[in-house]
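Undergrad: Have a look at this fold, sequence not included:
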C-alpha cells in the first residue's frame, strides 16, 4: 500500500510537471515577443520604407512610465483636421495599420508599435494590463507635440489594439472618439477559443494554462476584460465586427455594444478577421467618417454622457 501511494505521488508530480511545461510553452507562444521570419521582416521593412518615401514622416521614440522605449511613426498631413492614434493587433506592428493612411486622409497619424512588438522594447505582451501605459505615453506625446497638441484626438484599434484602447480609457486616458475593429470582449473566453484549436492535451488544461499566464508573465487573465472596462467609458465608440469572424466572435461585438454607455455598432457579413476594410472599403471609410465627424469639427455637438447611441446593425 505504501509503495502504491509512493508511485501515485510520483505519477502526480510528473503529470503536474508536464502540465506546467505545456502551460509555460503556451505562455511563451502567446505572451512572448513574436518571432518573425526573415521574409516577413523584409516585407515589413519595405512597407515602412514606402510610407516614409511617400509621406512626410517623423520617427518618434516614446518613453513609457515603466521605462520602455516605444517606436512610433508620425505621418504628417497638410491642413490636418485631427490626429489619429492607430493601434495594431496581436503579433502585428505599426506597419499593419498603414491602411489608415487612406481611410483617414485629413489626419496626422501616429503608427505605434506596442511593447514586445515591432521596433519597440519589451519582451512580454499582457493584453492590456501594461499596454495601457503605452497608450498613455503615446497620448501624452501627441498632446505635447506642437503639430498635434490642439487638434482633436481620435483612435482606432484592431483586435487586441481595441482592447488596449479600452483598458487605457478605463484608466482615464482622454480621447475624443474611438473605433474598435474586431475587438474581443474577455481574455479568458478568448484564450478558451484560441487553445480549443490546438491539441487535446492543451485543450484539457486551459485553466492551468491561464494560471501559468500569471506565474510566468504576471498576467491575470480574469483582469483583462474589455466588456467590464467599457461599462464606465463615456468616450464615443464605434464598434465594427464581422458575423463570420472566427478569431473574435460576433457575440463579442454585441456584448461590448450592450455594455457601452456611448456606442454605435456596425456588423457585416462574410469577412474574416481583419477583412472588413478590404471587403467593404467604401462603406468602411464612409461609416467611420460619419462617426467621427461630430468630434473633429470646430464646434462639435457631443451627445450627453448618459445617452446610448444605438445604430441599427447592417
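TA: Cool, the structure landed. Predicted model, so just to flag it, every value in this text is computed and none were measured.

Undergrad: Just the buried residues of stretch 123-133, please?
TA: Residues of stretch 123-133 classed as buried: 124, 125, 126, 127, 128, 129, 130, 131, 132, 133 (neighbour count, 16 or more other C-beta atoms under 10 Å). Backbone N, C-alpha and C define where each C-beta goes, glycine included.

Undergrad: again, but for stretch 89-103
TA: 89-90, 92-101, 103.

Undergrad: List the contacts of the helix or strand residue 252 falls within.
TA: Taking DSSP states H and E as the definition, residue 252 sits inside helix 250-259. Applying C-beta atoms under 8 Å, 6 or more residues apart in numbering, the external contacts of helix 250-259 come out as 180, 183-186, 226-228, 230-231, 237, 239-243, 263, 265, 267.

Undergrad: when you check the buried residues of stretch 123-133 against the helices, which ones overlap?
TA: When DSSP state H is applied, those are split such that 131, 132, 133 fall in helices.

Undergrad: I'd guessed the first one sits against residue 114; true?
TA: So the one you mean is residue 131. Yes: here residue 131 lies in contact with residue 114, judged by C-beta atoms under 8 Å, at a distance of 5.4 Å.

Undergrad: which neighbours do the two share?
TA: 125, 164.

Undergrad: Among the buried residues of stretch 89-103, give me the pair with the biggest separation.
TA: Farthest-apart pair in those is 90 and 101; separation 21.7 Å (C-beta to C-beta).

Undergrad: circling back: which one among the ones in helices among the buried residues of stretch 123-133 gets closest to residue 247?
TA: Once C-beta to C-beta is applied, the member of these that ends up nearest residue 247 is residue 131, at 18.7 Å.

Undergrad: Show the contacting residues for the closest one.
TA: By C-beta under 8 Å, 6+ apart, the contact set of residue 131 is 114, 115, 125, 164, 167, 168.

Undergrad: Kindly give a single ChimeraX line that selects the buried subset of the contacts of helix 250-259.
TA: Buried members of those can be picked out in ChimeraX with the line below, counting by 16+ other C-beta under 10 Å:
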select :180,183,184,185,186,226,227,230,237,239,240,241,242,263,265,267
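
Undergrad: what ranges do the strands span in this protein?
TA: The residue ranges that make up the strands of the chain, judged by DSSP state E, are 56-63, 69-76, 82-87, 107-112, 153-158, 177-181, 237-242, 263-268.

Undergrad: Just list what the second one packs against, helices and strands only.
TA: This points to strand 69-76. Packed against strand 69-76 by the contact rule (3 or more C-beta pairs under 8 Å, 6 or more residues apart in numbering; DSSP states H and E) you find helix 38-54, strand 56-63, strand 107-112, helix 131-144.

Undergrad: what's in contact with the first one?
TA: Taking contacts as C-beta under 8 Å, 6+ apart, the residues outside helix 38-54 that touch it are 36, 57, 73, 75, 93, 94, 95, 98, 101, 111, 118.
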